[in-house]
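Asks: no sequence for this one, just the structure:
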């Protein structure tokens, strides 16, 4: 069983207004293979900062704490080493990569994470099946990565990577944002296929409970002021949908949208 353990993680970011600002104020979380953890919280609470800090984005400086993947210190790894170790980040705003086709990008990523190039015949079949499952037209394989893609198409491409790379742990940063009802179903089905083997772990960051109607979390965490304020089961998401975050922030917030 694989384990991702975050211990007392603190991180800061430079801002124009305040200079260095601490965003993560002591995050503690353990995710094991076979578990789905949903992270919910008000805007500006630090959910995306946690995702990028764990993945190794240079904008976010970890000042103390540790992130262990099967006992190995992730914070000592480069970004590509983290990916090869089994971490995957689906970004809230996937970037465009002009001049690099999806097919070349995906095969290069698979080669890097698997340690050897996939056999061409098997790889072509694997990609075609994954694209079909996500209702992605085959013509997209020759287009530049995310260039000219709609928001929903970009999110499907993120889940296509997840399907093909099969990391130990997936951190999904608002993968449901900008999706219509049909795209939400397709993306959710892709995430569920990834987890169905029982040996993968997911940290699902979301503002909305609607994706949790398709993906059933084992744990729900409320993230406020840079740390986990409360943890519970799926019933906690139901409470947030009904009452919002006022119990945690003291402010009257709009209820989480369904």
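Replies: Nice, thanks for sending it over. None of these values were measured; they are calculated from a predicted model.
Asks: what bridges to residue 32?
Replies: Beta-bridge partners of residue 32, counted by DSSP bridges, are residue 3.
Asks: ok, it - contacts?
Replies: 1-4, 201 (Cβ atoms under 8 Å, 6 or more residues apart in numbering). All C-beta spots, glycine's among them, are computed from the backbone N, C-alpha and C.
Asks: could those go into TSV alongside neighbour count and distance to residue 53?
Replies: Formatted as TSV, the contacts of residue 32 follow (neighbours: other Cβ atoms under 10 Å; distance: Cβ to Cβ, whole Å):
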residue	neighbour count	distance to residue 53
1	10	24
2	16	20
3	16	18
4	24	13
201	24	17
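Asks: Just flag the most distant two among these.
Replies: Taking Cβ to Cβ, the two most distant members of those are 1 and 4; they sit 11.1 Å apart.
Asks: for the helix or strand bottoming out on mean pLDDT in the chain, packing partners?
Replies: In the chain, no helix or strand scores lower on mean pLDDT, DSSP states H and E than helix 246-249, which sits at a mean of 86. Applying 3 or more Cβ pairs under 8 Å, 6 or more residues apart in numbering; DSSP states H and E, we find helix 246-249 packed against strand 219-224.
Asks: any low-confidence regions in the protein?
Replies: Residue ranges of the chain with pLDDT under 70: 251-258.
Asks: Show me where it has its strands.
Replies: Here the chain has its strands, by DSSP state E, at 3-15, 19-32, 36-40, 61-69, 72-73, 87-90, 97-101, 144-145, 169-173, 201-205, 219-224, 227-232.
Asks: out of those strands, which comes closest to residue 138?
Replies: Of all those, strand 97-101 comes closest under Cβ to Cβ, at 12.5 Å.
Asks: partners of that closest one, with directions?
Replies: Strand pairing for strand 97-101, determined by DSSP bridges: strand 144-145 (antiparallel).
Asks: now the partner strand, how far from the centre of its chain.
Replies: Distance, stretch centre to chain centre, for strand 144-145: 20 Å (Cα atoms, centre = their mean, to the nearest Å).
Asks: ok, residues contacting it?
Replies: With contact meaning Cβ under 8 Å, 6+ apart, strand 144-145 is reached by 96-102, 105, 157.
Asks: ok, now with 10 Å
Replies: Strand 144-145 is contacted from outside by 94-106, 154, 157, 161, using Cβ atoms under 10 Å, 6 or more residues apart in numbering.
Asks: Just the buried residues of those.
Replies: Neighbour counting with 16 or more other Cβ atoms under 10 Å marks 94, 101-103, 105-106, 154, 157, 161 as buried within the contacts of strand 144-145.
Asks: In TSV, list these along with distance to residue 13.
Replies: Below are the buried ones among the contacts of strand 144-145 laid out as TSV (distance: Cβ to Cβ, whole Å):
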residue	distance to residue 13
94	20
101	33
102	31
103	35
105	28
106	31
154	24
157	27
161	26
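Asks: What's the separation between the residue nearest the centre of the chain and residue 60?
Replies: With distances taken as Cα atoms, centre = their mean, the chain has residue 172 as the residue nearest its mean C-alpha position (1.5 Å). According to Cβ to Cβ, to the nearest Å, residue 172 and residue 60 sit 18 Å apart.
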